[in-house]
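Trainee: Here is the input, now give the coordinates:
(one chain, ligands or ions: 2)
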Amino acid sequence: MMCGSTGLAVGCQAQFSCPKELFRTGASEEPQNDYRSPFRDWHERASVRKEPRRVLSPSDDRYLLFDADLVPTSSHILVQELPDPQRNEVLTQHLYRYLKFTTQLEQLVVNKTMLDIAYGRIGVDLPRGMVFDAHKIYCDEAYHALFSMDMYRQVIDATGVAPRIGSDPHFFRRLRRLLEDVDPSMRLLVELLFVFCSETLISGTLDSGRDQQVDPAVHEMVKDHAKDEGKHHAYFASFLFHLCPQIHTKYQESAAALIPDLIMTFLEPDRESLVSELCGYDLSQDEAEQVVAETFTRDVVRDIRAGDRASHTQILP
Ligand SMILES: [Fe+2]
Ligand SMILES: [Fe+2]
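Mentor: Ligands and ions are numbered 1, 2, ... in the order given. The predicted structure follows:
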C-alpha cells in the first residue's frame, strides 16, 4: 500500500526520507495565486534557446583563459615568480576547475532537485506555475553543464594542457559528508536548502572579469550562464517563501542552523586540490601550502560569510 508520496506506508523502505515527515502540506496560504513567473519570456530569452555555441579562438595567443584578477593564487609572489607558461597554466587549471564544478553542480545536484520539484516528490505545496517552471530550470541547467563540458574539452584540445584538478569538486565531497552526518529524515530538506543556497549565490559568482585579454568565448559563456541564473535566483527566492512555512516545527531550528554550513559548502575553496596543482609547478609542498594559506586567509573566509560579492567571485570554484 502506497500513499502517492514517498514512503507513507507501513514498513515502507523510504520511511526515513519521507517528505510527509518533514513538511506540513496545506500550511502555505493560497499557494496557487501568489507566484509571478520569472520565466514568462523563457522561449525568447533562455541561453539554450537563443545563444550560439561558444567556440575558442583557434590558437590565438593574444588571449588568456581566465582573468588573473579572479584567480586568487595567481597574485601570490611565489606564483608570480614562476615562468610565463606556468603562470598561464594557473589560469587554465582554474578554468578547468570552474567548468567541472559547474557541470557537476548542475547535473548531479541542482537537476536532481528540479526533477523532484517537477514530479511533486518533495512534499511541499507549490503553485502550479512554479512546478512547471522547474522543467525550464532543468533545461537551463542541463545546457549550462553541456556548454561547460564543451568548453572543458575545447580547452584541452587547444592547449594540450591536461587538467590537474582532482575528480570530484570540493563542494560535492562536503555535501556528501553533510548528508551522511545529518539524521536521515533531514536529507531531503538538506538537499533543498543546499540548492536554494547555491541558486541564490551563484548569480553573484558568475563574473568573467573585465580583462580584455580573456578569450571572448569564455567571456560570452559566463555571460550566457549569468543571464539565466538571474531568473533562477528570483525563482528560488520565491520557492523559499513557500517552503519555510511548510517545514514541520520540529525541523525548523535544525534547518536554520544548517544554512551557514551549506553556504560554506558551496563557497569554500578546494584547498587540497589547489595545493596539489601548485606542487605540479615545481613548488615544494610547504611552498604550495603557504600560497594557499596566505591567499585564503581568515579575513577572506569572513568576507565570504558576510556576503562580500568581490570575495565570492574570487573564491569560486
Ligand atoms: Fe546554471
Ligand atoms: Fe541555476
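Trainee: What lies in contact with the helix or strand harbouring Arg176?
Mentor: Assigned by DSSP states H and E, Arg176 falls within helix 170-181. Residues outside helix 170-181 that contact it (Cβ atoms under 8 Å, 6 or more residues apart in numbering): 101, 104-105, 108-109, 187, 190-191, 194, 258, 261-262, 265-266, 268-273, 317. Every residue, glycine included, has its C-beta placed from N, CA and C.
Trainee: now the helices: where do they sit in the stretch 151-300 of the chain?
Mentor: 170-181, 187-205, 216-243, 249-267, 271-279, 285-295, 298-306 (DSSP state H, counting those that start in this stretch).
Trainee: To Thr159, which of those lies closest?
Mentor: helix 216-243 (12.4 Å; Cβ to Cβ).
Trainee: mind listing what Arg24 touches?
Mentor: Counted by Cβ under 8 Å, 6+ apart, Arg24 has contacts 246-248.
Trainee: do you know how far it is from Leu65?
Mentor: 49 Å (Cβ to Cβ, to the nearest Å).
Trainee: For the contacts of Arg24, give me CSV that also has neighbour count and distance to Leu78.
Mentor: CSV is the format used below for the contacts of Arg24 (neighbours: other Cβ atoms under 10 Å; distance: Cβ to Cβ, whole Å):
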residue, neighbour count, distance to Leu78
Gln246, 20, 51
Ile247, 21, 47
His248, 15, 52
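Trainee: same for ligand 1: which of those are within range?
Mentor: Among the contacts of Arg24, no residue sits close to ligand 1 (Cβ under 5 Å from the ion).
Trainee: Contacts made by stretch 234-250 with the rest, please.
Mentor: Contacts for stretch 234-250 (Cβ under 8 Å, 6+ apart): 21-25, 27-28, 31, 35, 38-39, 117, 124-127, 130, 133, 137, 189, 192, 195-196, 199-200, 252, 255.
Trainee: give me the number of residues near Ala226?
Mentor: 17 (other Cβ atoms under 10 Å).
Trainee: burial count for the nearest residue to it once chain neighbours are set aside?
Mentor: Using Cβ to Cβ, 6 or more residues apart in numbering and skipping the chain neighbours, the partner closest in space to Ala226 is Leu206 (3.8 Å). By the criterion of other Cβ under 10 Å, Leu206 has 22 neighbours.
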